[in-house]
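Visitor: task: produce atomic coordinates for the following.
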Amino acid sequence: MKIFFSALGILFIAFILKIDLLEGTIPLAAFYKEPVVEETCVDVPDIKTITVRTIPGDNLQSLFALYPSESSMSFSERLELFYELNPHLLKQSFKPGESIQLPFSIKNAHSCTN
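Guide: As a prediction, this is how the structure comes out:
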């Protein structure tokens, strides 16, 4: 009889441990820490532009020569910004009287998010 009650006691304790571990008396949220959110800062370029109306015979190099940039931008950087500002001119030449935007200078503004 001692062995029978000992076995029942062990099974009862095992059952209580199983219920406690699976369902738990302490919520699972207490074991997890909230992730630490780091503040990320990104340099966002602030692009100053000039709006220009084209005339017959204008091309990109002549406009860049007439309106040089304030900052030291390379031709490829300025060309990339030009096509970002004027995507309709990617595979097209200028039409006389068309208004286009030329990149003039870039200033980096800090944008921080949580």
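Visitor: how about stretch 81-93 as PDB, C-alpha atoms only?
Guide: Taking only C-alpha atoms (Å, rounded to 0.1, in the frame of the first residue of the first chain), the coordinates of stretch 81-93 have been written out as PDB:
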ATOM      1  CA  LEU A  81      19.400  64.100 -59.200                       C
ATOM      2  CA  PHE A  82      18.200  65.600 -62.400                       C
ATOM      3  CA  TYR A  83      16.500  62.400 -63.500                       C
ATOM      4  CA  GLU A  84      15.000  61.900 -60.100                       C
ATOM      5  CA  LEU A  85      13.500  65.400 -60.400                       C
ATOM      6  CA  ASN A  86      12.500  64.900 -64.000                       C
ATOM      7  CA  PRO A  87      11.700  61.300 -64.700                       C
ATOM      8  CA  HIS A  88       9.700  62.100 -67.800                       C
ATOM      9  CA  LEU A  89      13.000  63.200 -69.500                       C
ATOM     10  CA  LEU A  90      14.800  59.900 -69.000                       C
ATOM     11  CA  LYS A  91      14.500  58.800 -72.700                       C
ATOM     12  CA  GLN A  92      13.500  62.000 -74.300                       C
ATOM     13  CA  SER A  93      15.100  65.200 -75.400                       C
END
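Visitor: buried set for it?
Guide: Judged by neighbour count (16 or more other Cβ atoms under 10 Å), stretch 81-93 contains these buried residues: 81-82, 86. Every C-beta, even on glycine, is put in place using the N, C-alpha and C of the backbone.
Visitor: over to stretch 1-20?
Guide: Judged by neighbour count (16+ other Cβ under 10 Å), stretch 1-20 contains no buried residues.
Visitor: the protein: strands as residue ranges?
Guide: Taking DSSP state E as the test, the strands found in the chain are 40-53, 99-113.
Visitor: which helix in the protein has the most residues?
Guide: When every helix of the chain is counted residue by residue (DSSP state H), the longest turns out to be helix 2-22.
Visitor: quick check: mean pLDDT of that one?
Guide: Model confidence over helix 2-22, given as mean pLDDT, is 88.
Visitor: circling back to that earlier point, got JSON lines for the buried residues of stretch 81-93, with distance to K48 too?
Guide: Conversion of those to JSON lines gives the following (distance: Cβ to Cβ, whole Å):
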{"residue": "L81", "distance to K48": "10"}
{"residue": "F82", "distance to K48": "13"}
{"residue": "N86", "distance to K48": "15"}
